[in-house]
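# sharing a model that was predicted from the sequence below.
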Amino acid sequence: METFAIEGGRPLSGSLRIQGAKNAALPILAASVLAEGQFYIYDVPHLKDIKVMLEILTALGAKAKHVDGCVDLDTTSVSVPHVPDDLMSQMRSSIFLAGPLLARLGEVTISRPGGCDIGERRIDLHLSGLTALGAKIEESEGYITFRAKQLRGTNVFLSFPSVGATENIMMAAVLAKGTTRICNAAREPEIIDLQNFLNAMGARIRGAGTDTIEITGVQRLRSVSYRIIPDRIVTGTFVLAVGIAQGHIELTNTLPEQLTALIEVVRSCGVEIKTRHDIMEIKSNSRPRAYDRIITSPYPGFPTDLQAQLMVFLSQARGTSVIKETIFEGRFKHVNELARMGASIYVDLGSAIIRGVGKLTATSVEATDLRAGAALVLAGLAAEGITTVNQIHHIDRGYDRLEEQLRRLGADITRVSI
Ligand code: UD1
């Protein structure tokens, strides 16, 4: 088991290149099974979830190597229509294999997916979307089997703009007969990246980034080389780290236009942010001001994946702030841990009321999920004394060696094996 030990109180400085986006890389790797051939995917971060995805692809018959951020993938021999249980249970994103495998092999069996424990994570929209495209679905003893000789294009309305369901339906529809229209689609930038990847493979998709995506089925797709977009959540985590620990840093390989909601909040709290091309410069040298009310919502709203990190930032503010979480009902597990570090946070009916306390006190805390874990690391940067963050395997699912990156910026953080 490993933990992070963080000695707080050091301002951050220096420059850092942001890793490729996990949430773009996962569906793109899954989508590669739609064609036979050799893929080179660049800027794929070295993360636990990516490793699991590559193990799944290997179990399906692909050959995969991941060296220095490049995934070298041969999908020619993909022929196994079954995602292994032990891998499926490790990561919710394994559900992404349902759409593309069904389209390529005409059949796929998965078990119900695992993933972060942040609330009820339903897959009904994935199932109803694939059913609308003509899949027959059977569920028994925890397994779900999808079958369809030929998927058929249709109109799919999502009652909620689910990111994963939008992507799964897109991946199934690219080889369907006719045109599919996804209405009330999610608009996240990772969906645009998936569209660009699939179109490079020869698919005919338009509208990603809006709430209506139109996919005209094609007969076959080809393998390609592709570069993944930068990770906006990792970028946002470092922006907030400066707001929390103070200092002056530069982030390269960013897409600031994908972080408008965060930039608006932290700027009005007093953090200086300058952007030019793919570079963001972030500067903060005093306690932030509080922010009245932030509501997490689907893109372009404030991302739920930055809610925990924002809460740590607001715990440092002068005044009282409110965050309402609307995407995942179980996403306030970091509150108890932050309270143990001296934060003053009261949760009521899906909203957290955060009274800024300035200094936090170091103690030993548990990372309960990926983003909560990152938030606790940020809290450690501002705490007096040495904070120990346990269960850091959650953090390794989304951040490529977070401790090395923070150390490069001057933080005092070490990975400790116990
Ligand atoms: C993706 C991201 C995750 C992020 C989330 C919301 C990836 C790999 N993960 O997760 O980091 O936190 O978007 O921005 O891209 N829902 C249903 N039925 C479904 C599917 C979802 O009710 O079939 C609900 C969920 O319970 C949740 C909400 O929709 O309340 C959002 O889920 P969704 O957008 O699907 O998130 P993910 O794709 O799982």
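Received, thanks.

# which regions of the stretch 1-150 of the chain sit below the pLDDT cut-off?
Within the stretch 1-150 of the chain, the stretches with pLDDT under 70 are 113-120.

# again, only using 90
Along the stretch 1-150 of the chain, the parts satisfying pLDDT under 90 run over 84-95, 111-122, 139-143.

# for the ligand, what are the nearby residues on it?
By Cβ under 6 Å from any ligand atom, the residues of the stretch 1-150 of the chain that approach the ligand are 23, 26, 92, 93, 120, 121, 122, 123, 124, 125, 126. Yep, even glycine has a C-beta here, placed from its N, CA and C like the rest.

# give me the subset of the residues you listed that lies in helices.
Mapping those onto helices (DSSP state H) picks out 23, 26, 124, 125, 126.

# what about the residue in the stretch 101-250 of the chain that the ligand sits nearest to, which helix or strand?
Of all residues in the stretch 101-250 of the chain, residue 164 sits closest to the ligand, at 2.8 Å by Cβ to the nearest ligand atom. Assigned by DSSP states H and E, residue 164 belongs to helix 163-173.

# could you list every helix and strand in contact with that helix?
Packing contacts for helix 163-173, counted by 3 or more Cβ pairs under 8 Å, 6 or more residues apart in numbering; DSSP states H and E, involve helix 22-31, helix 98-105, helix 124-132, strand 179-183, helix 189-200, strand 212-216.

# and the next helix or strand after the fifth one, how far out from the chain middle?
Sequence order places strand 204-206 as the next helix or strand after helix 189-200, per DSSP H and E. Centre-to-centre, strand 204-206 and its host chain are 24 Å apart (Cα atoms, centre = their mean, to the nearest Å).

# quick one: mean pLDDT over strand 204-206.
Averaging pLDDT along strand 204-206 gives 98.

# same check on stretch 256-265?
Mean pLDDT, computed over stretch 256-265, is 98.

# what about that stretch and the ligand, any contact?
No - using Cβ under 6 Å from any ligand atom, stretch 256-265 stays clear of the ligand, with a minimum separation of 12.1 Å.

# hang on, the earlier thing: let's have the helices and strands packed on helix 163-173 in JSON lines, adding distance to residue 343.
JSON lines is the format used below for the helices and strands packed on helix 163-173 (distance: least, Cβ to Cβ, whole Å):
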{"stretch": "helix 22-31", "distance to residue 343": "27"}
{"stretch": "helix 98-105", "distance to residue 343": "40"}
{"stretch": "helix 124-132", "distance to residue 343": "35"}
{"stretch": "strand 179-183", "distance to residue 343": "40"}
{"stretch": "helix 189-200", "distance to residue 343": "31"}
{"stretch": "strand 212-216", "distance to residue 343": "41"}
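
# mean neighbour count for those - can I get that in JSON lines?
Formatted as JSON lines, these follow (neighbours: other Cβ atoms under 10 Å):
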{"stretch": "helix 22-31", "mean neighbour count": "27"}
{"stretch": "helix 98-105", "mean neighbour count": "26"}
{"stretch": "helix 124-132", "mean neighbour count": "20"}
{"stretch": "strand 179-183", "mean neighbour count": "19"}
{"stretch": "helix 189-200", "mean neighbour count": "22"}
{"stretch": "strand 212-216", "mean neighbour count": "20"}
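
# for residue 267, find the nearest of these.
In terms of Cβ to Cβ, the element of those nearest to residue 267 is helix 189-200, at 20.2 Å.
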